[in-house]
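1. structure for the following, please:
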Amino acid sequence: MTRPPPGARTIDEILAAARERLQRLTPRQAFSELAGGAMLVDIRPAAQRAAEGGVPGAVVIERNVLEWRFDPACADRLASVRGYGDRVIVICSEGYTSSLAAVALQDLGLRRATDIAGGFRAWAACGLPVIAPADVPAVDRTTAAAHDW
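-> The predicted structure follows:
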């Protein structure tokens, strides 16, 4: 293995730096915030949602288009994105990718973006509402926009 170039960081270092910027939520805290108008965004790929299940009411936006759908200044944003003050809570399978995604949203100016510690697995383990894997739609229509991603 060659030495990393100057300034390179490991993924563990990148994740730790991201989490220093977040006030991560427990699944129960996130569930409570949904009643107050927060938006839950599930960034897991379709195959993972089909295997694990889903969260009722979550907006499904796969990670590869997240920034375009949530940038308030982007023509391809979701219609439900009201502005920079939106409370966006990101969920992935175990709470790793969601931390990186939430920081990316903060970098767009959505300063109230955060994620759920433990992800979907922790959500389900807490007994919070879930959609059974067999009932998760095979095709997600919430990512439709002007571009064919």
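2. for the strand or helix carrying residue 99, name the packing helices and strands.
-> Using DSSP states H and E, residue 99 sits within helix 97-107. Secondary-structure packing of helix 97-107 (3 or more Cβ pairs under 8 Å, 6 or more residues apart in numbering; DSSP states H and E): helix 11-20, helix 66-70, strand 88-91, strand 114-115. All C-beta atoms are positioned from the backbone trio N, CA, C, and that covers glycine.
3. buried residues, that helix. List them.
-> Using 16 or more other Cβ atoms under 10 Å as the test for burial, helix 97-107 gives 97, 98, 99, 100, 101, 102, 103, 104, 105, 106.
4. which pair in the residues you listed has the greatest spatial separation?
-> 97 and 106 (15.0 Å; Cβ to Cβ).
5. pLDDT at the residue nearest to the spatial centre of the chain, what is it?
-> With distances taken as Cα atoms, centre = their mean, the residue of the chain nearest its centroid is residue 90 (2.7 Å). Confidence at residue 90, expressed as pLDDT, is 98.
6. that one touches residue 100, doesn't it?
-> No - counting by Cβ atoms under 8 Å, residue 90 sits too far from residue 100 to count as a contact (9.2 Å).
7. contacts for stretch 90-104?
-> Applying Cβ atoms under 8 Å, 6 or more residues apart in numbering, the contact partners of stretch 90-104 are 14-15, 18-19, 21-22, 24, 30, 40-44, 48, 52, 55, 58, 63, 66-67, 88, 105, 113-123.
8. and those, which are buried?
-> By 16+ other Cβ under 10 Å, the contacts of stretch 90-104 give 15, 18-19, 22, 24, 30, 40-44, 48, 52, 55, 58, 63, 66-67, 88, 105, 113-120, 122-123 as buried.
9. where does the prediction get shaky in this structure?
-> Across the chain, the ranges flagged by pLDDT under 70 are 138-149.
10. strands of that one, residue ranges please.
-> Using DSSP state E, the strands of the chain run over 39-42, 59-60, 88-91, 114-115.
11. okay if I get those strands as CSV plus distance to residue 136?
-> Conversion of those to CSV gives the following (distance: least, Cβ to Cβ, whole Å):
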stretch, distance to residue 136
strand 39-42, 10
strand 59-60, 9
strand 88-91, 14
strand 114-115, 21
